[in-house]
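Undergrad: Below are the sequence and a predicted model; questions follow.
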Amino acid sequence: MRLHPLGLSFAVATVATLLSLLLGTALAVLLWRRRFPGRELLDALLALPLVLPPTVMGYYLLVLLGRHSPLGRVFELLFGSPLTFTPTGAVVAAMVHALPSITKATRAALHSTDPQLLRAAASLGAGELRTLWTVVLPLCRRQLLAATMLAFARALGDFGVTLMVAGNIPGYTQTAALAIYDAVQSGQEHAALELIAVLSGVSLLVLYAVNRLQDEK
Amino acid sequence: MKSNVAPEATTTATDALVAEAWVQRPPQFSLRIALTVPRGVTTLLGPSGSGKSTTLDVLAGHVLPSSGRITLGGELLLARAPEQLPTTLLSPQQRRIGYVMQHAALFPHLTVAENLRFGLFRLTLKEQQDRLQEMAEQLALTTLLSRRPAELSGGERQRVALGRALLPSPRALLLDEPLSAVDLPQRQELLQRLQTLLTQLQIPVLYVTHSDWEAHFWSGPVLTLQATAASSPEIQVVPLPRSSLQLQSQ
């Protein structure tokens, strides 16, 4: 089955965003509530994609998840196909942008939780998980939604990491961002403009919605 | 020292809340807590910044003192020697001490009913509903159950906070300036309601206030906190008069 670059991009970004929402929220909660050895390192690692060139992140992922790496082998054993140079690889690449974005925004939201509410919940017998689930996360839902939408836009726009980890295989791992590059290189301006218009439109829409969400507070 | 405040010293002390603790946050803050709260309402009086809220936070388990010993009805909640880790430390969840905070601290995203029910999660829905109804009637909240905290007056919020704290049947109750966020006309009414409710309770109640008038409204013992030498680098907060506390425990 040949996948249209836009269809692939949206599918990859959606899965990457949902996975990042789960993992990113868990990491944000962990960094918020717990002191453990390596906490600062984890914090720094999560911020790394914000400063490193995408090709460097991509290279690390290739080394970490490639077919000859232990993780890559385990994945291939479990799922029957390699992780790199597949749409799954593109999901991992998109998560490189989505995960830090969600973790950062969620941590800021968690830190803004009124400590009196946490104390009230504890004095009413609620453990950490119950408090998180019934008080903290519902109170952060607006920021979580904004963070998720931004993460989706960022995941949609990745170029460099995807190229390194998933390659640029038309109809299989070629996302819209990669297809635009190919189209421009081969002089197919019309095809490029179509993709450019859709990506720009969606991104603008997301940013507009995020601003509206933040203004409503 | 500790024998002076031993729980068996009074007739009601079998369920008394007894605390002797130091809170030190170098270089600024040092608070010594030594009090016995027998069954009934005890008032803790002191100006703002004198350590009243910290005292309640220590009793409720939200602030870990540098050293001390807290018991409730003879059960050890905290034991910590100076510069040691606590040998006994019950979490706020395990202490079962109701806490009504100064600004009510209602969960803003939950309705009045959901706030009231919050501490009843171990009960069945039916039991929750029955107890909620009963408490709502006692506190005149039945018409407000579907509202959110933002739609309530200061007095209504405090009533919800009180009901929420009482519903899980706490073994002691702490109230941090429950009238401070309430409009003057509502204060008298709320105070009457508190009186009716709190005097029925057969548990130690510690009522914190900075108002002499409120402190003397309650007929129970009054403990006084006094901040001294606020300009010195170490604010020494000493509960006075200690003798009146001891009277309670003799």
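TA: That came in fine, so what should we check first?

Undergrad: contacts, neighbours, all on C-alpha from now
TA: Noted.

Undergrad: got the contact list for residue B:200?
TA: For residue B:200, no residue meets the contact criterion (CA atoms under 8 Å, 6 or more residues apart in numbering or on different chains).

Undergrad: For it, give its distance to residue B:138.
TA: Noted for residue B:200: a distance of 12 Å to residue B:138, by CA to CA, to the nearest Å.

Undergrad: Residue A:142 too?
TA: Going from residue A:142 to residue B:138 by CA to CA gives 36 Å.

Undergrad: So which residues on chain A come close to chain B?
TA: A:116-117, A:119-127, A:135, A:138-139 (CA under 8 Å from any CA of the partner chain).

Undergrad: you'd agree residue B:139 is up against residue B:161?
TA: No: shown here, residue B:139 and residue B:161 do not form a contact pair, counting by CA atoms under 8 Å, at 10.5 Å.

Undergrad: Which one's more surrounded, these two?
TA: Counted by other CA atoms under 10 Å in any protein chain shown, residue B:139 and residue B:161 do not tie: residue B:161 has more neighbours, with 27 against 18.

Undergrad: Now do the contacts for the more buried one.
TA: B:100, B:101, B:104, B:105, B:106, B:116.

Undergrad: In three-state terms, label the third one for me.
TA: If I follow you right, that is residue B:104. Secondary structure, DSSP: H, G, I helix; E, B strand; the rest coil: residue B:104 is coil.

Undergrad: And the residue of chain B closest to chain A?
TA: Residue of chain B nearest chain A, by CA to the nearest CA: residue B:93 (4.1 Å).

Undergrad: Could you double-check that that residue sits in contact with residue A:125?
TA: Yes: at 4.1 Å, residue B:93 and residue A:125 qualify as touching, with contact defined as CA under 8 Å.

Undergrad: more neighbours, these two?
TA: Neighbour count, other CA under 10 Å: between residue B:93 and residue A:125, residue A:125 has more, with 25 against 18.

Undergrad: so residue 191 is in which element?
TA: Because you didn't say which chain, this covers chain A. In this assignment (DSSP states H and E), residue A:191 forms part of helix A:189-215.

Undergrad: Please refer instead to chain B.
TA: Using DSSP H and E, residue B:191 sits in helix B:184-200.

Undergrad: picking that back up, overlap of the contact sets of residue B:93 and residue A:125?
TA: What both residue B:93 and residue A:125 touch, as defined by CA under 8 Å, 6+ apart, is an empty set.

Undergrad: neighbours around residue A:115, how many?
TA: When counting by other CA under 10 Å, one arrives at 11 neighbours for residue A:115.

Undergrad: Kindly report the same for residue A:212.
TA: Neighbour count of residue A:212, defined by other CA under 10 Å: 12.

Undergrad: Quickly note the distance from the residue of chain B closest to chain A to residue B:127.
TA: Taking CA to CA, one finds residue B:93 at 21 Å from residue B:127.

Undergrad: which bits of chain B sit near chain A?
TA: B:60, B:62, B:92-99, B:101, B:105-107, B:109, B:118-119, B:165, B:168.

Undergrad: Tell me which of those residues fall in strands.
TA: Counting by DSSP state E, the residues of chain B next to chain A place B:97, B:98, B:99 in strands.

Undergrad: Please spell out the ChimeraX selection for the buried subset of those residues.
TA: Restricted to buried positions by 16 or more other CA atoms under 10 Å in any protein chain shown, the ChimeraX selection for those reads:
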select /B:97,98,99
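
Undergrad: what angle sits between the regular element (helix or strand) spanning residue A:9 and helix A:189-215?
TA: Secondary-structure assignment from DSSP H and E places residue A:9 in helix A:5-33. Angle, helix A:5-33 to helix A:189-215, by axes from the mean of the first three to the mean of the last three CA atoms, to 10 degrees: 30 degrees.

Undergrad: Who are the contact partners of residue A:21?
TA: Contacts of residue A:21 (CA under 8 Å, 6+ apart): A:99, A:102, A:148.

Undergrad: hey, where'd the helices end up in the chain?
TA: Picking chain A for this. For chain A, helices defined by DSSP state H occupy the ranges A:5-33, A:39-51, A:54-65, A:70-79, A:87-111, A:115-123, A:128-131, A:137-139, A:141-156, A:160-166, A:176-185, A:189-215.

Undergrad: actually it's chain B I care about, not the one you picked
TA: Under the criterion DSSP H, chain B carries helices at the ranges B:52-60, B:92-95, B:112-117, B:125-138, B:154-166, B:184-200, B:212-217, B:242-248.

Undergrad: That concludes my questions; thank you for your assistance.
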